[in-house]
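Undergrad: Generate a structure from the sequence data that follows.
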Amino acid sequence: MPSDTPVVSTRDALEFYRRGRVEEAERAARAILEAQPSNFDAQHLLGVTLLWRADFDGAEAAFSRALAVNPQSREANLHHAASLRYLKRSEESLRRYDEIIAGNSQIGEAHYGRACVMIDLGRVEDACQSYAAAARVLETDADLFNDYGIALMRLHRYEEAIAAYDRSIALGLGKPPTPTYGRAWNNRGIALFLAARFEESVASFNAALAVDPNYIEALYHRGAALMSVWETQQQNMKLIDDAIASYDAALALKLDFAEAFNGRGMAMLQAARAKEGLASFDKALALRPDYEPSQKGRELCLAQLGRDAAYDPLKVQL
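TA: Next up is the predicted model:
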């Protein structure tokens, strides 16, 4: 028979979790539940620790047990809905979020979670409505505004997306840099690029790289943006050199990055360095044989070198 006196208090278990000692928090929660199976705080904490280590089945079961004790708990309801989403039980998760919102429409986390489920279901318009509702409550959540911007970009609402990223970035100003801060700068650069605001796009990618110089996506996108500035605004060869340097830095971090090899090849073409461009396109095609931009780029390199693509020596069958 288990004793009804736990070996550790729920306060101690929660303190373990707050200090980042998650495994100890889980052990403490389990020890408490051995003595007191209906202890809501311990059951909820157990679910949180299991969620943290991606045991979504265990987390969902723990939150269900916690809700059987205290069905009105806001946090347990939110966590239960989240665990259902991570289990890809999207419709059940959506119903849970809708139930939470029906009880209190001012719970911004429920609108945010609902938006994430809508993205999973491919319902981007509905997701944007939920993000907007969440944003009216969670006015200082940088992650929310970054995610909102991503959804808006998927709907080609680029100016609204830029405004959402601006909000995310503003929330991170004056604070230690976070992954969200760098991502928001990178995503802002993509939105500006898609809106054909290429010079501003380059500036945003530069800001992302100031946060993380090894941010591979920002390096790649910066190369593309520099090429677009060169093509549409000012044919300054320094822009081409900078683009090549960006692609090279991305490739130094990821050797199987076909798109970066393709971008590098196009930059080499513009620099009249067709032999190097050809080598880049060949590397892209080795990774993605059916990659049409590199196939076309390769033919342009051959033409620049004065060799007919039909008689490309690399294609001769011996």
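Undergrad: Buried ones in stretch 268-288, by neighbour count?
TA: Of all the residues in stretch 268-288, those buried under the rule 16 or more other CB atoms under 10 Å are 268-271, 273-274, 276-281, 283-285, 288. Placement of C-beta: from N, CA and C, glycine included.
Undergrad: Go ahead and measure how far stretch 125-142 is from the middle of the chain.
TA: Computed by CA atoms, centre = their mean, to the nearest Å, the chain-centroid distance of stretch 125-142 equals 17 Å.
Undergrad: Now do it, average pLDDT.
TA: The pLDDT scores in stretch 125-142 average 97.
Undergrad: Which residues does that stretch contact?
TA: 105-109, 111-112, 114-116, 118-119, 144-145, 147-148, 151-152, 155, 157, 168-169, 171-172, 178, 180-181, 184 (CB atoms under 8 Å, 6 or more residues apart in numbering).
Undergrad: Are any of the residues you listed buried, and if so which?
TA: 107-109, 111-112, 114-116, 118-119, 144-145, 147-148, 151-152, 157, 168-169, 171-172, 180-181, 184.
Undergrad: What about Ile101, how many residues nearby?
TA: Counted by other CB atoms under 10 Å, the residues lying close to Ile101 total 17.
Undergrad: scratch that, Leu192
TA: Neighbours of Leu192 under the rule other CB under 10 Å: 24.
Undergrad: Remind me which helix or strand it belongs to.
TA: Here Leu192 sits within helix 179-194, counting by DSSP states H and E.
Undergrad: what's the closest non-adjacent residue to the residue most central in space within the chain?
TA: Against the mean C-alpha coordinate of the chain, by CA atoms, centre = their mean, the closest residue is Arg183 at 7.4 Å. Among residues not flanking Arg183 along the chain, Asn146 sits closest, at 5.9 Å (CB to CB, 6 or more residues apart in numbering).
Undergrad: do the same with Leu84
TA: Closest residue in space to Leu84, ignoring its immediate chain neighbours: Ser93 at 3.8 Å, by CB to CB, 6+ apart.
Undergrad: Let me know whether the one you found touches Asn77 as I believe.
TA: No: counting by CB atoms under 8 Å, Ser93 stays clear of Asn77, with 11.4 Å between them.
Undergrad: quick revisit: which other residues reach the strand or helix carrying the residue nearest to Leu84?
TA: Under the criterion of DSSP H and E, Ser93 resides in helix 90-103. By CB under 8 Å, 6+ apart, the residues outside helix 90-103 that reach it are 74, 77-78, 80-82, 84-85, 107, 110-111, 113-114, 117-118, 120-121.
Undergrad: now for the helix or strand that it is followed by, which elements pack on it?
TA: Following helix 90-103 in sequence order, the next helix or strand is helix 108-120 (DSSP H and E). Counting contacts by 3 or more CB pairs under 8 Å, 6 or more residues apart in numbering; DSSP states H and E, helix 108-120 packs against helix 74-86, helix 90-103, helix 124-135, helix 142-154.
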